[in-house]
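[1] what follows is a predicted protein model with its sequence.
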Amino acid sequence: MAAAALVLGACGGGGGTEAGPADLTGKDVGAMPGYAAGQQFRATEPVKFSILYSDHEAYSIKDDWLLWKELAARTNVQFDPVVVPRSGYEQKRSLVIGAGDAPMIIPKTYPGQEDAYVASGAILPVSDYLHLMPNLQAKVEKWGLAGHLDTLRQADGRFYLLPGVHEKVWQDYTLAMRTDVLAQLGLRPPTTWAELRDVLAAIKAKYPDSYPLSDREKGRSLLEILAMTYGTKGGTNWGYENATWDAKANRFVFTGAMPEYKAMIEYLHGLVVDGLLDPESFTQDNDTAIQKLATGRSFAISTNAQMIVNDYRPALENVPGATVSKITVPAGPAGNVITSESQLENGIMINADAVQSPNFVAMMQFIDWLWYSDAGQELAKWGVEGTTFTKGPDGKRALAPGITGILQLQKEYGFSGGVFAYGGTTELLQSTFSPEELEFQGLMAQKDVLPLPPPYPFTEAEREQATLWESGLKDHTEQATLQFILGQRDLSQWDAYVTELGGKGMTSYVDLVNSAHERFASGNR
């Protein structure tokens, strides 16, 4: 295992600097001797680990869930959860970490969110302890994810987040459209943004009082999807980043000043001018956007698979003949592409104090089994074979008789929840997909995958300096983006806007990013 850790550390393009196996004498109480990938973990004595638990309002935590009982039976582990409502999870996470009161295990952390806690020493450099996690190591090696882990590394060469890992790239978010209306008008689902404009125009001609596209999430989902195919970043706190890698220039550039970013804005502005995109998309709440879809005031909206089933189809139940489905992500100027970042998902931070626990090794082994082993991932997603699901001769799983859907599995048994069930093989990921979603994913798999951008980890001093610029630059970009899209500011003022960004530190910020990138690439840390 020690050799595997060293190999993994050397795989990344930036040449990771894991510390290697640490002295964990006296910290292996309850640990399983000889624990290896594919092996059932079971602590040698009962242990309990504290965890920050994001409580989903649709399936709130219960003490009698089968999940807890089965984990205790299989692994000899119990949780001591600090329960936080999902809506306030990120704020609570920040407060408890800042106060030094964080539980040992801190899940539901997306890549990049750990950056704020590195300098204080509050979270563990988990890359130093990969030798305790054979299942994660095996998946990183088998699925070629060393470069993805490099994107998590800080200036010291370590990373501080254990991410959820997927076997392959997959794209969930796209646009949903009223497919019955497309059929009525003799229209095919659009495959490019230019085709989408034509389709929206045809719907507008038939339904002149509508806005054919009215979006949710204040337009951020639409911006992220669109930006991906324009060769830039968008969506503010979704997919937007102030710096974007320009492969042709071989350097990072400021996202909000890119010609590609301007072209994306021009496209959306054109939709607004022609009455094809609801200008309220960027201010309305989600319920309002769904209500417009339900009442025929709109016919397209951004979506993922869950929204189709949980939101849009129930909203359209009283509309005779109404059907709604995903369309494939339209191709754009950057090509028929999707990003590769989706192979990493939200993951786990570890309280730095956890390494002092006598059960530290057992905890890391347990995390490796539950979040990264095939058996642990199947348990978290499907539950117990013969009780909550069955498996046919072909290996396909199905919900057990009496369980009517995934929501019941979540509410009554605790499985398929967002705290534990993510990542894994494509077969496991798609095992709960409908035939419709499987068809969609098959089409998405035919798209070209964009290469990973290189990392640019900041030193502590650089992070402090970057923070002084980042918020102001992002806020000004977001404000101007909406003004340009909605016509509140004429696009002839684009150069003036870029000058304003310069006054807020754009050039200095990009120089700092490129300096950090060049240092990391050269291995000078």
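    Perfect, thanks for sending it.
[2] give the next helix or strand downstream of the host helix or strand of residue 473.
    Under the criterion of DSSP states H and E, residue 473 resides in helix 460-486. Following helix 460-486 in sequence order, the next helix or strand is helix 494-503 (DSSP H and E).
[3] for residue 87, the count of nearby residues, please.
    The number of residues packed near residue 87 is 12, by other Cβ atoms under 10 Å. Just so you know, the C-beta spots here come from the backbone N, C-alpha and C atoms, and that holds for glycine as well.
[4] show the pLDDT at the closest residue to it other than its chain neighbours.
    Of all residues not flanking residue 87 in the chain, residue 57 sits nearest, at 7.7 Å (Cβ to Cβ, 6 or more residues apart in numbering). On pLDDT, residue 57 comes in at 90.
[5] quick one: residue 57 and residue 89 touch, right?
    No: the pair residue 57 / residue 89 is not scored as a contact, 11.5 Å apart, by Cβ atoms under 8 Å.
[6] what about those two, which has more around it?
    When residue 57 and residue 89 are compared on other Cβ under 10 Å, the one with more neighbours turns out to be residue 89, at 19 against 8.
[7] what segments of the protein are strands?
    Using DSSP state E, the strands found in the chain span residues 47-55, 77-85, 105-109, 162-165, 174-178, 243-246, 251-254, 300-303, 324-327, 337-338, 344-350, 389-391, 397-399, 448-449.
[8] could I get the ones you listed as JSON lines with mean neighbour count?
    As requested, the strands of the chain are exported to JSON lines (neighbours: other Cβ atoms under 10 Å):
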{"stretch": "strand 47-55", "mean neighbour count": "20"}
{"stretch": "strand 77-85", "mean neighbour count": "16"}
{"stretch": "strand 105-109", "mean neighbour count": "24"}
{"stretch": "strand 162-165", "mean neighbour count": "24"}
{"stretch": "strand 174-178", "mean neighbour count": "23"}
{"stretch": "strand 243-246", "mean neighbour count": "20"}
{"stretch": "strand 251-254", "mean neighbour count": "20"}
{"stretch": "strand 300-303", "mean neighbour count": "25"}
{"stretch": "strand 324-327", "mean neighbour count": "22"}
{"stretch": "strand 337-338", "mean neighbour count": "20"}
{"stretch": "strand 344-350", "mean neighbour count": "21"}
{"stretch": "strand 389-391", "mean neighbour count": "16"}
{"stretch": "strand 397-399", "mean neighbour count": "16"}
{"stretch": "strand 448-449", "mean neighbour count": "13"}
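[9] nearest to residue 520, of those?
    strand 251-254 (12.0 Å; Cβ to Cβ).
[10] strand partners (parallel or antiparallel) of the closest one?
    If you go by DSSP bridges, strand 251-254 pairs up with strand 243-246 (antiparallel).
[11] now the strand it pairs with, how far from the centre of its chain.
    In terms of Cα atoms, centre = their mean, to the nearest Å, the centre of strand 243-246 is set 19 Å apart from its chain centre.
[12] can we start the residue count at 21 from this point?
    Let's use 21 as the start, then, which means that last one is strand 263-266.
[13] need the residues that contact that strand.
    Contacts to strand 263-266, defined as Cβ atoms under 8 Å, 6 or more residues apart in numbering, come from residues 252-253, 271-275, 278, 473-474, 476, 529-530, 533.
[14] try stretch 275-282
    Contacts of stretch 275-282 (Cβ under 8 Å, 6+ apart): 247, 250-254, 260-264, 266, 353-354, 493, 496-497, 500-501, 511, 514, 518, 521, 526.
[15] just the buried residues out of these, in ChimeraX syntax.
    Those of the contacts of stretch 275-282 that count as buried under 16 or more other Cβ atoms under 10 Å are selected in ChimeraX with:
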select :247,250,251,252,253,254,260,261,262,263,264,353,493,496,497,500,501,514,518,521,526
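[16] and stretch 132-145, how far from the chain's centre?
    In this view, stretch 132-145 has its centroid 19 Å away from the chain centroid, taken as Cα atoms, centre = their mean.
[17] low-confidence ranges in the stretch 21-170 of the chain?
    Across the stretch 21-170 of the chain, the ranges flagged by pLDDT under 70 are 21-42.
[18] helices of that one, residue ranges please.
    Assigned by DSSP state H, counting those that start in this stretch, the helices in the stretch 21-170 of the chain fall at 22-31, 86-95, 109-118, 135-138, 154-162, 166-170.
[19] repeat that for the stretch 271-420 of the chain.
    Secondary structure of the stretch 271-420 of the chain (DSSP H, counting those that start in this stretch): helices at 279-293, 306-314, 325-327, 333-335, 380-392, 394-402.
[20] residues in contact with the fourth one: which ones?
    In this structure, residues lying in contact with helix 333-335 by Cβ under 8 Å, 6+ apart are 310-311, 313-314, 344.
[21] picking that back up, got the strands of the chain as CSV, with distance to residue 453 columns?
    What follows is these, written out as CSV (distance: least, Cβ to Cβ, whole Å):
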stretch, distance to residue 453
strand 67-75, 24
strand 97-105, 29
strand 125-129, 22
strand 182-185, 17
strand 194-198, 14
strand 263-266, 32
strand 271-274, 36
strand 320-323, 15
strand 344-347, 12
strand 357-358, 17
strand 364-370, 16
strand 409-411, 15
strand 417-419, 12
strand 468-469, 20
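[22] tell me which of the ones you listed lies nearest to residue 389.
    Of the strands of the chain, nearest to residue 389 by Cβ to Cβ is strand 97-105, at 9.2 Å.
[23] that closest one packs against which elements?
    With contacts taken as 3 or more Cβ pairs under 8 Å, 6 or more residues apart in numbering; DSSP states H and E, strand 97-105 sits against strand 67-75, helix 86-95, helix 109-118.
[24] quick one: which of those is nearest residue 135?
    Ranking the helices and strands packed on strand 97-105 by proximity to residue 135 (Cβ to Cβ) places helix 109-118 first, at 12.2 Å.
[25] who does the closest one touch, helix- and strand-wise?
    strand 67-75, strand 97-105, strand 125-129.
[26] recalculate using a threshold of 7 Å.
    On a contact count with 3 or more Cβ pairs under 7 Å, 6 or more residues apart in numbering; DSSP states H and E, helix 109-118 meets strand 67-75.
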